[in-house]
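Novice: no sequence on hand, only this structure:
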Ligand SMILES: N[C@@H]1[C@@H](O)[C@H](O)[C@@H](COP(=O)(O)O)O[C@@H]1O
């Protein structure tokens, strides 16, 4: 009896404390329910078609909610690759059905190969016009794609960042993910604070992308220009599409492991509104517990697109690269002693160029050794026709 009385006393005490704390905790709970998107969101669908429908719907709903005008367009970051093809197809269908207009949408492409002319069939210019731009009402002047044949590539990258800043930043960045966890062309080892720059491609990426060049790795450009991780992180929202068992290892590293420059997808753990939409195969390396957790969040009814409140708009804080405080050594004073005036754009270029020289990025010859087992499926390009992936993605069998 004595024990029971003690327990009752203790429970009563805790219960009373809970009620006393309630008024203080209430604002916290309200804040949580108002901002359900300030976490990593992972949406899982059964196959690539369902994933593409979800993302196309999501983009349409975001553009509509934004209600863009010519003065305040919706700024969309867009990728290439096989994963987004179906998304573009659905967006085109929905545009043709009169559901969505891209008249007041401005796009920035993630990346482009260095050295490929715009009209090369495998340039990202060609890809975007073939799959999307030629079929919707986006004005050509709203399309921004890096020019891989620019004579001054550093200046081209600086001007790209400046254009993004001029629009007030990117609203929604749609991206894919490479089998080695890269986003855009931010290969393993990329600085997590990188901005648009020229990047040497890792051998795995060359191998994976050789499928677009008739399987010939020699035809794949060795360099590309790409937005940086920080460029992506500055977007208000990031949506990543990941489909297929060959993306499973990258998804696992990006979602379950720590933030790591060797798996640049993982940088999104620091973003406020990241959304990863996977098909079932792309989740094969995740813990069952992780999959259940994300599924339960969606089932709980806080799904950003269908049930959640609108995202909270935050002010834009990005300003182009700071100008050097000191007069550069190379800049000689004019005969009358006053320093030479440098045009604004050139000053930005000089700063980025200086930084590019300082930040020599690590691009190992091949990262294949990190891709174990099922993830070897990531090198799908050259091998696709020779390999069969079983449903569990844990074994690769040759035909
Ligand atoms: N630069 C692109 C990336 O932006 C893309 O995400 C990746 C995956 O492409 P896919 O969707 O074809 O697997 O390929 C390339 O490396």
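Specialist: Now that the structure is in, tell me what you want to look at. Only a predicted model underlies this, so the values are computations on that prediction, with no experimental measurement involved.

Novice: ok, now which ones touch the residue of the stretch 101-250 of the chain found nearest the ligand?
Specialist: With CB to the nearest ligand atom, the shortest gap between the stretch 101-250 of the chain and the ligand falls at residue 176, namely 2.6 Å. Glycine gets a C-beta too; all of them are placed from N, C-alpha and C. Going by CB atoms under 8 Å, 6 or more residues apart in numbering, residue 176 touches 79-81, 83-84, 183, 240-242.

Novice: most neighbours, which of those?
Specialist: When neighbours are counted by other CB atoms under 10 Å, residue 183 leads these with 29 neighbours.

Novice: quickly note the distance from residue 89 to residue 253.
Specialist: To residue 253, residue 89 is 29 Å away according to CB to CB, to the nearest Å.

Novice: just residue 146 next, same as before
Specialist: Residue 146 is 27 Å from residue 253, by CB to CB.

Novice: of these two, who's got more company?
Specialist: The residue with more neighbours, out of residue 146 and residue 253, is residue 146; 25 against 22, by other CB under 10 Å.

Novice: phi, psi for that one please.
Specialist: phi -60, psi 140 (degrees, to the nearest 10).

Novice: any weak-confidence spans in the chain?
Specialist: For the chain, the stretches with pLDDT under 70 are 1-38, 302-399.

Novice: strands of that one, start to end?
Specialist: Applying DSSP state E to the chain gives strands spanning 41-45, 74-78, 105-109, 111-113, 143-144, 172-175, 197-200, 223-226, 237-242, 274-279, 387-389, 396-398.

Novice: packing partners for the third one?
Specialist: Packed against strand 105-109, as judged by 3 or more CB pairs under 8 Å, 6 or more residues apart in numbering; DSSP states H and E, are the following elements: strand 74-78, helix 124-131, strand 143-144, helix 153-166.

Novice: residues making contact with it?
Specialist: Counting by CB under 8 Å, 6+ apart, strand 105-109 makes contact with 63, 68, 73-80, 124, 128, 133, 138, 142-146, 160, 163-164, 167, 170, 227, all of which sit outside it.

Novice: and what of the second one?
Specialist: Residues outside strand 74-78 that contact it (CB under 8 Å, 6+ apart) are 59, 62-63, 66, 68, 84, 104-110, 128, 132, 164, 167-175, 227, 232, 235.

Novice: try 6 Å this time
Specialist: Under the criterion CB atoms under 6 Å, 6 or more residues apart in numbering, residues 63, 66, 68, 105-109, 167, 170-174, 235 lie in contact with strand 74-78.

Novice: among those residues, which pair sits farthest apart?
Specialist: 66 and 109 (19.8 Å; CB to CB).

Novice: most neighbours, which of the contacts of strand 74-78?
Specialist: Ranked by the number of neighbours (other CB under 10 Å), the contacts of strand 74-78 place residue 173 first, at 28 neighbours.

Novice: if I look at the nearest residue to it once chain neighbours are set aside, how far off is residue 294?
Specialist: Leaving aside its sequence neighbours, residue 173 sits nearest to residue 77 (CB to CB, 6 or more residues apart in numbering; 3.4 Å). Distance, residue 77 to residue 294, using CB to CB: 23 Å.

Novice: looking at these two, which is more packed in?
Specialist: With neighbours defined as other CB under 10 Å, residue 77 and residue 294 compare such that residue 77 has more, 25 against 20.

Novice: bridging residues for that one?
Specialist: Counting by DSSP bridges, residue 77 forms beta bridges with residue 108, residue 173.

Novice: start at 290, not 1
Specialist: Will do, 290 is the new start, and the previous item becomes residue 366.

Novice: picking up where we left off before, for residue 574, find the nearest of the helices and strands packed on strand 394-398.
Specialist: Ranking the helices and strands packed on strand 394-398 by proximity to residue 574 (CB to CB) places strand 363-367 first, at 26.5 Å.

Novice: next, the angle from the closest one to helix 442-455.
Specialist: In terms of direction (axes from the mean of the first three to the mean of the last three CA atoms, to 10 degrees), strand 363-367 departs from helix 442-455 by 140 degrees.

Novice: list the contacts of the residue lying closest to residue 379 once chain neighbours are set aside.
Specialist: Among residues not flanking residue 379 along the chain, residue 345 sits closest, at 3.9 Å (CB to CB, 6+ apart). By CB under 6 Å, 6+ apart, the contact list for residue 345 reads 376, 379-380.
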